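What follows is a protein structure lacking sequence information:
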């Protein structure tokens, strides 16, 4: 019987597409490495408007604003240098033109970058002008790009003033360059440890590109006006805080380890899983499942109290339930039974992590807001709830997740 591998495939584009996707992952990882290196990068957003959006802080921005770099990444198999003809044929300018039309009236400080695998042709004056934001000043370049976009020449001129071209390492080199840079950030780590850290960093970038990155609670608190769908594509400081800690303090355990092991409490479930050689990921998943089960059980007990003897119990926001489950699974809080009502208290590990956060500069805005609220609204939860319901009666009838 013949082996199907010997048959020529009518369409073999899948492997090429995957290679290009992986290349884009490593390009996005470069921006995350800048974030780890304390460069001006504030956060990196994947697959939203453009392939990658890098937000950078700058002293030149008014009121501490951000500069948004919208990046369109293009690869190709040939190793010849890029001329303007090649750039137009690959289409990055058409994608950036669409982005320009989307964001030009939003009052942003931004730039448009075409990231090209390989290097530019130094003999091509047109592509050189385009690369450095001078495409509008080069008459021939402006004419060709205007014809390519089929748009108004004045609008194209304004567009080209924002465009830059960035030469990117070849696909066989980019991962090596990234890991070498990561080693500079953590010189005391072994090669194996650096490889492991980079593998984890790339995994998180892939999840962000797929919109599957679980937004860390620090970002959720800091940017409550952003939809969860967008937060799942964004990599911020807290997304890589554990990687940064490993780089800077390799002799210390990670905060996630602290939260689970500092108190020295290990449940029978965890001991059983460890005896079975379960990985930390499997153990954490099991703890999450157990935590959600505990929350569900206590909720049922609370509902039972409505019909038996207790006062009505408020329903729980599904997102709040998820956060409680996550904190319980990580050993930062623990459930507590009080008259069949679900309550929580911090564990010793939770208090340690809370104290560390309270002393950090990144947590200062939240800490200051909390102190301000305590100063002017030092009331019980029930009193605050009643006050909100009186001021905003529509909330009473609104379901969880309703945008007000």
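Yes, it's here. Remember, it's a predicted structure, so these values are computed and weren't measured experimentally.

Regarding residue 343, what is its secondary structure?
strand (DSSP: H, G, I helix; E, B strand; the rest coil).

scratch that, residue 146
The three-state label given to residue 146 by three-state DSSP is helix.

OK, contacts around it?
Taking C-beta atoms under 8 Å, 6 or more residues apart in numbering, we find residue 146 in contact with 152-153, 156. Bear in mind the C-beta positions are built from the backbone N, C-alpha and C, glycine included.

where does the stretch 251-400 of the chain dip in pLDDT?
For the stretch 251-400 of the chain, applying pLDDT under 70 flags the ranges 251-271, 273-323, 325-326, 329, 337-342, 381, 393-400.

If we use 80, what do you get?
For the stretch 251-400 of the chain, the stretches with pLDDT under 80 are 251-332, 334-344, 349, 352-370, 372-400.

What of the stretch 51-200 of the chain?
58-64.

What segments of it are helices?
84-90, 92-103, 125-131, 139-149, 153-160, 171-185, 191-209 (DSSP state H, counting those that start in this stretch).

And the fifth one, how far out from the chain middle?
Spelled out, it's helix 153-160. 33 Å (C-alpha atoms, centre = their mean, to the nearest Å).

Going by neighbour count, list what's buried in that helix.
Neighbour counts using 16 or more other C-beta atoms under 10 Å place 156, 159-160 of helix 153-160 among the buried residues.

got it, and the last one?
By neighbour count on 16+ other C-beta under 10 Å, the buried set for helix 191-209 is 193-194, 197-198, 201-202, 204-209.

my guess is residue 82 contacts residue 114, does it?
No: if you go by C-beta atoms under 8 Å, residue 82 and residue 114 don't touch, sitting 9.5 Å apart.

okay, and the common contacts of the two?
Joint contacts of residue 82 and residue 114 (C-beta under 8 Å, 6+ apart) are residue 165.

any idea how far stretch 233-247 is from the chain center?
With C-alpha atoms, centre = their mean, you get 9 Å for stretch 233-247.

now what about stretch 104-113, what contacts it?
By C-beta under 8 Å, 6+ apart, the list of residues contacting stretch 104-113 reads 61, 65-72, 96, 99-100, 103, 159, 162-166.

are any of the residues you listed buried, and which?
66-72, 96, 99-100, 103, 159, 162-165.

among those, which two are most distant?
Maximum pairwise distance in the buried ones among the contacts of stretch 104-113, criterion C-beta to C-beta, is 22.1 Å, between 66 and 165.

could you pull out the strands for this structure?
Secondary structure of the chain (DSSP state E): strands at 41-48, 50-57, 66-74, 109-117, 163-168, 234-235, 333-338, 341-346.

Tell me which of the ones you listed is the most buried.
Highest mean neighbour count among the strands of the chain (mean count of other C-beta atoms under 10 Å): strand 234-235, with a mean of 23.

Partner strands of that strand and their direction?
strand 41-48 (antiparallel) (DSSP bridges).

could you give me the average pLDDT of the partner strand?
Strand 41-48 comes out with an average pLDDT of 95.
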